[in-house]
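Asker: Provided below for reference: sequence and predicted model.
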Amino acid sequence: MSGEPSPDGDHRAVASYVSSEDVIARGCAVLVDDIERSSGYWRPFVVRHAAVAGLLVLVPVALHVAGLASRLGVLRGVSLLLAVFAGLTALDLWRSRRALRRMVRATVEHGCPVGTRVSAVYTPDRIVFALPTHEIVIDPATITRARFVRRVLLLDQEDAERAWAVPVELVGQDGLRILRDTLGARFVER
């Protein structure tokens, strides 16, 4: 990584790295954590499980009201059903998290497989990522939020949260400095 003046007098930073298992694993872990912590991600899961728990309580109570079950039978039934449901919920949570991790890992490995050489150039007016098959040019004005989390830079663009996950190996101190200066309050370090 080098912070060198460009022909127009602005500073630029250049970096490159070869994608590895460690970098991919770190990037995936940060992405999964960020997705799981985003507001509303778990809402459908919680609503679905709360509705089922409500039904599990409602059915025995309705049986009691209809005179088909005693109060003690309702308490036993609800206790047993909720205990079993808690176990099933834990299993479903584990399965959902595992599916998310696998999906993120597949997406990251598809975009930048192990052994891929990636280069980057950071200037105040553009960011360029160069892969063997194509180049990606990003206008920093389109970046709505940048977060530097556990050595991974997450860039959100207009209409796309987590549009880019960039490992520190591809950013470096000069790239971080240029991004901090360019993005201002949109850049957050955790």
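Answerer: Right, received. Where do you want to start?
Asker: helices or strands up against the longest helix along the chain?
Answerer: As assigned by DSSP state H, the longest helix anywhere in the chain is helix 71-111. Here helix 71-111 touches helix 21-37, helix 43-65, going by 3 or more Cβ pairs under 8 Å, 6 or more residues apart in numbering; DSSP states H and E. The C-beta positions use only the backbone N, C-alpha and C, and glycine is treated the same way.
Asker: Give me the below-cutoff pLDDT ranges for this protein.
Answerer: Along the chain, segments meeting pLDDT under 70 span 1-10.
Asker: got the contact list for the spatially closest residue to residue 81 that is not a sequence neighbour?
Answerer: Excluding its sequence neighbours, the residue lying closest to residue 81 (Cβ to Cβ, 6 or more residues apart in numbering) is residue 56, at 4.4 Å. Residue 56 sits next to 78, 81, 82, 85 when contact means Cβ atoms under 8 Å, 6 or more residues apart in numbering.
Asker: before we move on, what about residue 33?
Answerer: Contacts of residue 33 (Cβ under 8 Å, 6+ apart): residue 149.
Asker: With residue 93 as the reference, measure out to it.
Answerer: From residue 33 across to residue 93, the span is 15 Å (Cβ to Cβ, to the nearest Å).
Asker: what's the answer for residue 40, then?
Answerer: For residue 40 relative to residue 93 (Cβ to Cβ), the value is 17 Å.
Asker: Could you look up the SS state of the most far-flung residue of the chain relative to its centre?
Answerer: Distance to the chain centre peaks in the chain at residue 67, reaching 50.5 Å (criterion: Cα atoms, centre = their mean). Look at residue 67: counting by DSSP: H, G, I helix; E, B strand; the rest coil, its state is coil.
Asker: what's the neighbour count on residue 88?
Answerer: Here the count is done by other Cβ atoms under 10 Å, and residue 88 has 12 residues near it.
Asker: ok, now which ones touch the closest residue to residue 77 other than its chain neighbours?
Answerer: Using Cβ to Cβ, 6+ apart and skipping the chain neighbours, the partner closest in space to residue 77 is residue 60 (4.2 Å). Contacts for residue 60 were tallied using Cβ under 8 Å, 6+ apart; they are 69, 73, 74, 77, 78, 81.
Asker: so can I have a markdown table of these showing neighbour count and distance to residue 138?
Answerer: Shown next, in a markdown table, are the contacts of residue 60 (neighbours: other Cβ atoms under 10 Å; distance: Cβ to Cβ, whole Å):
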| residue | neighbour count | distance to residue 138 |
| --- | --- | --- |
| 69 | 18 | 63 |
| 73 | 13 | 63 |
| 74 | 19 | 60 |
| 77 | 18 | 58 |
| 78 | 18 | 55 |
| 81 | 17 | 52 |
